[in-house]
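1. Would you be able to build a 3D model of this:
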Amino acid sequence: MIEYVLFLIGILILIKGANLLVEGSSTLAYRMKVPTLVIGLTLVAFGTSLPELIVNIFAAIKGSTDIAFGNIIGSNIANILLVLGIVSIISPIKIKRPTIWKEIPFCLLAVVVLFIASNYLLIDKININSLTKVSGIIFLCFFVIFLYYTVNLAKKSKRQLDKGDVEIKTHSGRKIFLMVFVGLVCLYFGGKWIVDGAVLAAKQLGLSEFLISATILAIGTSLPEVITGITAARKKETGLAVGNVLGSNIFNIFWILGVTALIAPIVIPQFINMDMIFLGGVTFLLFLFLFIGKKHELEKWQGIIFILLYIFYIVFIVIRG
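-> Sure, this is the predicted structure:
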């Protein structure tokens, strides 16, 4: 019982720790006169993916690679279907044309690269059942390309981020140190308790680690995106929710799986192809919904379809066990 309580507490302090670390680091970078453009594109974006990163690192160290895969696949599916589904029901999501033709396809590319890296046997008749360090390096190379594209996009827009754009708060040096330190401590214990709880629950309930990580854990680590999306919808700034989701999904595959594979080989679950195909399908469906619409909007009825698809996916993996 204690492990289950720590599992729930772990999710909460993991999210809080990520927020503290990002706010403390952003304030420190601002005081050191680091350009806010850099802060917005690196620290803030990295912060939303910290929960998944910490969970995966602990999962890799413990050898629970089903958790590593389940956390990423489950979080990415939840980001598109659950987050964008909820946001579009609250308020129609208006998407800019570059996002439809560049960011969403790049998000789809991430799924394709992951599928190829997980299926060398199908493609090149090489029996490799894990994501190795080579795969991790390839993922990180794609991540660098994405960062390069993002920086160039920001430069072309000629939109200078200021203090208000990234909501950087000013704090004393002592408070900054305390926020960073407490944030790191929360990340450590939160990640450890989550992985320990997920492994224990899977064993006691007779469920797979993938199922636990792709449902409860994935939703828990996606809470920052959910909260950001709902807040953005209420403020009629739905573009922020889309950018957050797409960026997070790309970070999750290229950055987090890349780093995790460098730490330890990630054994590929035998059944994972169905989940990756489903993730690729819903990503393409997002592109299709926005492409066929005259206003390039994700409307309420489309959001309802997303929610229903998410329920279908959860039921499917529960029945699969």
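2. For the helix or strand that contains I311, buried residues please.
-> Assigning secondary structure by DSSP states H and E places I311 in helix 300-320. Buried residues in helix 300-320, counted by 16 or more other C-beta atoms under 10 Å: 302-303, 305-307, 309-310, 313-314, 317. Where you see a C-beta, it was placed from the backbone N, CA and C, and this is true even at glycine.
3. For that helix, output the C-alpha coordinates as CSV.
-> What follows is helix 300-320 as a C-alpha-only set of coordinates in CSV (Å, rounded to 0.1, in the frame of the first residue of the first chain):
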residue,chain,number,x,y,z
LYS,A,300,-15.3,20.3,-31.4
TRP,A,301,-16.6,17.3,-33.3
GLN,A,302,-13.0,16.3,-34.2
GLY,A,303,-12.0,16.7,-30.5
ILE,A,304,-14.8,14.3,-29.6
ILE,A,305,-13.4,11.8,-32.1
PHE,A,306,-10.0,12.1,-30.5
ILE,A,307,-11.4,11.4,-27.0
LEU,A,308,-13.3,8.4,-28.3
LEU,A,309,-10.1,7.1,-30.0
TYR,A,310,-8.2,7.5,-26.8
ILE,A,311,-10.8,5.5,-24.9
PHE,A,312,-10.6,2.9,-27.6
TYR,A,313,-6.8,2.7,-27.2
ILE,A,314,-7.0,2.4,-23.4
VAL,A,315,-9.7,-0.4,-23.7
PHE,A,316,-7.5,-2.2,-26.3
ILE,A,317,-4.3,-2.3,-24.2
VAL,A,318,-6.3,-3.2,-21.1
ILE,A,319,-7.8,-6.2,-22.9
ARG,A,320,-4.4,-7.1,-24.3
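4. for it, packing partners?
-> helix 84-90, helix 209-212, helix 272-292 (3 or more C-beta pairs under 8 Å, 6 or more residues apart in numbering; DSSP states H and E).
5. Which of those sits closest to L187?
-> helix 209-212 (20.2 Å; C-beta to C-beta).
6. What lies in contact with the closest one?
-> By C-beta atoms under 8 Å, 6 or more residues apart in numbering, the residues outside helix 209-212 that reach it are 64, 66-67, 69-70, 198-199, 201-202, 269, 271-272, 317-318, 320-321.
7. ok, now stretch 277-295?
-> By C-beta under 8 Å, 6+ apart, stretch 277-295 touches 73, 76-77, 80-81, 84, 94-95, 100, 104-105, 107-108, 111-112, 115, 249, 296-299, 302, 306, 309, 313.
8. for the record, mean pLDDT for it?
-> For stretch 277-295, mean pLDDT rounds to 86.
9. And stretch 72-85, by the same measure?
-> Computed over stretch 72-85, the average pLDDT equals 91.
10. Please export the C-alpha coordinates of it as PDB.
-> Taking Å, rounded to 0.1, in the frame of the first residue of the first chain, the C-alpha atoms of stretch 72-85 are listed here in PDB:
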ATOM      1  CA  ILE A  72       6.800   7.500 -24.300                       C
ATOM      2  CA  ILE A  73       4.200   5.900 -26.600                       C
ATOM      3  CA  GLY A  74       1.500   6.300 -24.000                       C
ATOM      4  CA  SER A  75       2.400  10.000 -23.400                       C
ATOM      5  CA  ASN A  76       2.500  10.900 -27.100                       C
ATOM      6  CA  ILE A  77      -0.800   9.300 -27.800                       C
ATOM      7  CA  ALA A  78      -2.300  11.000 -24.700                       C
ATOM      8  CA  ASN A  79      -0.800  14.400 -25.900                       C
ATOM      9  CA  ILE A  80      -2.600  14.200 -29.300                       C
ATOM     10  CA  LEU A  81      -5.900  12.500 -28.400                       C
ATOM     11  CA  LEU A  82      -6.500  13.500 -24.800                       C
ATOM     12  CA  VAL A  83      -4.800  17.000 -24.600                       C
ATOM     13  CA  LEU A  84      -5.900  18.300 -28.100                       C
ATOM     14  CA  GLY A  85      -9.200  16.500 -27.800                       C
END
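11. By neighbours, which of the contacts of helix 209-212 wins?
-> A198 (30 neighbours; other C-beta atoms under 10 Å).
12. Let me know the helix or strand that that residue is in.
-> Using DSSP H and E, A198 sits within helix 173-205.
13. buried stuff in that helix?
-> 176, 179-180, 182-183, 186-202.
14. hmm, back to that, narrow the contacts of stretch 277-295 to those in strands?
-> 94, 297-298 (DSSP state E).
15. Restrict the residues you listed to the buried ones and give me that as a ChimeraX selection.
-> The following ChimeraX line selects those of these that are buried, judged by 16+ other C-beta under 10 Å:
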select :297,298
